[in-house]
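> need a 3D model of the following:
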Amino acid sequence: QAGSLEDFMAVQREFSAVPWVNTVAVGRDDPRAWYADIGTMPNVTPEQTTDCTTPLAQAVVAGGGLPADVPFFDGSRSECQWRDDPDSKQPAATGTSRMPSLLREDYVANMNDSHWLANPAQPLTGFPLLVGPEGTQAQSFRTRLGHLIAQGRIAGTDGAGGAGATVGTVKSVVLNSRVYTAELFKAEALAMICTPPANADVGEACNVLTDWTNTGNADARGAHVWDEFWNRANDIAAADLYAVPFDPADPVNTPRGLKPTAETALKTAFQAAVAYVKSTPYALDAQRSEYLFATRAGSPIGLYGGCGGVGYFTIACSDNALDDGGYTMDGDPNGNSYMQIVRFTDGGGVEAHTFLTHGQPEDTASPVAAAYTQAYAQKAWVRQPFTDSEIAASPGLQTQKISE
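Below you'll find the model as predicted:
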């Protein structure tokens, strides 16, 4: 119930109580946007990580089962106790002053990478390693695309119309299902793997990808071929794959380009991907919605988007294999969940457009259990009633009074 962005920021710093997520916020009549990774975090020093990590933890880290910066200490030694800061909000927690935050008048964002690039124009550095890496590793393709989406929308260079954020343009760009790896690498890759004498077994797939729109929209044909190819190409060491390596001074645009010497490995990856897709029930030119779907009331609802590792910003990343029922979102998928676009109106109210993409499947008998999922499939954002009068005017409103 903060009355302003300043109040909101003060409350977050006072309690430092967010358990794990990043915060972005704006306030009415305030041109600034706030980013913060301020919350509950263990307070350990680099020296403790070096001196106190147990042999078991070292073995787990070496085996890839634990990130190196997670504190897994010898609890029998007092020097391994987590520390207090003068502004720690609870014992052994990192103080608020040593946690990252940023105020900008253009934009702030987080796409599931670290705090480092909440805005590439003003990288956040000098914070404890446990908060997240800073300038040491390439950002995900999804993070890079997210920044390009924000920058393109502000500049009006994304083809969505005008400049700056409006409800309509933001609705469009966050669900447009661009595939950033295809935008970066498809032309180069096809020149390597499809130029005669290309393997005869991949000729049809080459034609499909040449015609493909580089999106994962519901009607896009061939996106799964690129997904399967890139997932295999991504196994090639970065030093052997990219012509321009990651540069912390240009993190949104690197790495880029494909090394000519990667041609053999890319051909192998492509041939394996095409052979795999051909072994599934789905044609090389199948539409996205045929094999990417959520089942509601026994019927599939075709979807769009894809996995962040392939460079989708619109996430619908199945844990299911293409040859085992398709990219179904019915198991334990990773995808857009609750989404909102909110603006303050001139009249003092709030205008909110939302999705609960998975619907309300816990009430499967309800006739509206799948309504949100169906709306999401159609990219039909749901306008939420905010005022009492808007709620009273909602179609299908039912009121139930509960009393003693």
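> tally of neighbours for Gly126?
Counted with other Cβ atoms under 10 Å, residues neighbouring Gly126 total 8. Every residue, glycine included, has its C-beta placed from N, CA and C.
> all helices of the stretch 151-300 of the chain, in order?
For the stretch 151-300 of the chain, the helices defined by DSSP state H, counting those that start in this stretch occupy 167-173, 180-193, 203-211, 223-233, 238-241, 263-278, 288-291.
> what's the angle between the third one and helix 223-233?
Read that as helix 203-211. Relative orientation of helix 203-211 versus helix 223-233 (axes from the mean of the first three to the mean of the last three Cα atoms, to 10 degrees): 100 degrees.
> just the helices of the stretch 151-300 of the chain: most buried one?
Most buried of the helices of the stretch 151-300 of the chain, by mean neighbour count (mean count of other Cβ atoms under 10 Å): helix 223-233, with a mean of 25.
> hmm, who's touching that one?
179, 181-182, 185-186, 189, 205, 208-209, 212, 215-216, 241, 265-266, 269-270, 272-274, 276-277, 282, 284, 286, 288, 291, 306-307, 309-311, 322, 327 (Cβ atoms under 8 Å, 6 or more residues apart in numbering).
> redo the helices of the stretch 151-300 of the chain as TSV? Include distance to Gln400.
Output for those, formatted as TSV (distance: least, Cβ to Cβ, whole Å):
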stretch	distance to Gln400
helix 167-173	32
helix 180-193	47
helix 203-211	53
helix 223-233	45
helix 238-241	58
helix 263-278	51
helix 288-291	37
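> TSV for those, including mean pLDDT?
Output for the helices of the stretch 151-300 of the chain, formatted as TSV (pLDDT from 0 to 100):
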stretch	mean pLDDT
helix 167-173	94
helix 180-193	97
helix 203-211	96
helix 223-233	98
helix 238-241	98
helix 263-278	96
helix 288-291	98
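> out of those, which is closest to Pro385?
helix 167-173 (15.8 Å; Cβ to Cβ).
> going by contacts, tell me the helices and strands next to that closest one.
Applying 3 or more Cβ pairs under 8 Å, 6 or more residues apart in numbering; DSSP states H and E, one finds that helix 167-173 makes contact with helix 141-155, strand 338-344, strand 350-356.
> who touches it?
Residues outside helix 167-173 that contact it (Cβ under 8 Å, 6+ apart) are 149, 152-153, 158, 160-162, 341, 343, 351, 353, 379, 381.
> weed out the non-buried ones from these.
Buried by 16 or more other Cβ atoms under 10 Å: 149, 152-153, 158, 160, 341, 343, 353, 379, 381, out of the contacts of helix 167-173.
> out of the helices of the stretch 151-300 of the chain, which is closest to Gln398?
helix 167-173 (28.0 Å).
> for that closest one, the distance to its chain's centre please.
17 Å (Cα atoms, centre = their mean, to the nearest Å).
> cool, stretch 305-322 as well?
Taking Cα atoms, centre = their mean, one finds stretch 305-322 lying 10 Å from the centre of the chain it belongs to.
> now stretch 96-107
20 Å.
> please save the CA atoms from that stretch in PDB.
Taking C-alpha atoms only, stretch 96-107 is exported to PDB below (Å, rounded to 0.1, in the frame of the first residue of the first chain):
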ATOM      1  CA  THR A  96      20.600  -4.100   2.200                       C
ATOM      2  CA  SER A  97      23.400  -1.600   1.200                       C
ATOM      3  CA  ARG A  98      25.300  -4.500  -0.400                       C
ATOM      4  CA  MET A  99      22.500  -5.700  -2.600                       C
ATOM      5  CA  PRO A 100      21.900  -4.300  -6.100                       C
ATOM      6  CA  SER A 101      19.200  -1.800  -7.100                       C
ATOM      7  CA  LEU A 102      18.800   0.600 -10.000                       C
ATOM      8  CA  LEU A 103      16.600   3.600 -10.900                       C
ATOM      9  CA  ARG A 104      16.300   4.500 -14.600                       C
ATOM     10  CA  GLU A 105      14.100   6.700 -16.800                       C
ATOM     11  CA  ASP A 106      14.200   4.400 -19.800                       C
ATOM     12  CA  TYR A 107      13.700   0.800 -18.500                       C
END
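> and the contacts of it?
9, 13, 16, 31-39, 41, 85, 87, 89, 108, 115, 118-119, 121-122, 124, 127-128, 131, 150-151, 154.
> mind listing the strands for this protein?
23-26, 33-36, 101-104, 242-244, 256-258, 292-296, 299-302, 316-317, 327-328, 334-335, 338-344, 350-356, 382-384 (DSSP state E).
> what packs against the fifth one?
Yep, that's strand 256-258 we're talking about. helix 180-193, strand 242-244.
> elements contacting the shortest one?
Using 3+ Cβ pairs under 8 Å, 6+ apart as the contact criterion, the secondary-structure elements in contact with strand 242-244 are strand 256-258.
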